[in-house]
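Trainee: Everything below, folded, please.
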Amino acid sequence: MHVSRQQLLALFIIALPIASIAWTVTHEEIFREFHDLCQAKSEGCQRLYQRKFFYLFTCEYCFSHYVTIAFLIITRYKLLFPDWRGYLISGFSLVLVANVYVAIFARLRLDIKKERVEIKKEEAAVKGKLGD
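Mentor: Residues are numbered from 1 along each chain as shown. The predicted model follows:
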């Protein structure tokens with residue numbers, strides 16, 4: 001049982017598009033209508049399996065598991081073991097790393113939004129002083 005540098009590098013690289021896709025589908029404006037529909041259905045459907053199905057499109061953590069499965073099929077990436085155990089370990093490892101990326105990105109976006117609000121406040125204050 002040996003993890004090569006190439007396997008570790010692949011872990012951090014493959015997690016990037018997983019995080020990107022999970023974030024984009026669950027948060028970005030381009031999918032807003034889809035997200036809102038899934039949100040409503042996840043709260044309003046009669047059957048539990050229907051609510052859970054639609055919920056997975058509103059939660060980046062949940063959705064990242066399904067994106068990871070797709071990437072494991074596409075890349076055949078295995079970690080530590082050359083058999084099904086390698087898929088299992090790599091799957092959960094990719095989800096973890098992808099969600100660390102998502103958390104970093106979310107924090108970065110929050111900081112950027114905060115800075116924009118502060119800049120607008122300062123600009124308004126300057127305009128107010130110049131207008132006097």
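Trainee: elements contacting the lengthiest helix in the chain?
Mentor: Secondary structure of the chain read by DSSP state H shows that its longest helix is helix 84-131. Packed against helix 84-131, as judged by 3 or more Cβ pairs under 8 Å, 6 or more residues apart in numbering; DSSP states H and E, are the following elements: helix 5-27, helix 60-75. Yep, even glycine has a C-beta here, placed from its N, CA and C like the rest.
Trainee: okay, these in JSON lines with distance to residue 54, mean neighbour count and mean pLDDT next?
Mentor: Listed next are those as JSON lines, based on distance: least, Cβ to Cβ, whole Å; neighbours: other Cβ atoms under 10 Å; pLDDT from 0 to 100:
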{"stretch": "helix 5-27", "distance to residue 54": "12", "mean neighbour count": "17", "mean pLDDT": "94"}
{"stretch": "helix 60-75", "distance to residue 54": "11", "mean neighbour count": "17", "mean pLDDT": "95"}
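Trainee: Those: which one's closest to residue 126?
Mentor: Each of the helices and strands packed on helix 84-131 was checked against residue 126 via Cβ to Cβ, and the shortest separation belongs to helix 5-27, namely 32.8 Å.
Trainee: who does the closest one touch, helix- and strand-wise?
Mentor: Secondary structure elements in contact with helix 5-27, counted by 3+ Cβ pairs under 8 Å, 6+ apart, are helix 32-44, helix 60-75, helix 84-131.
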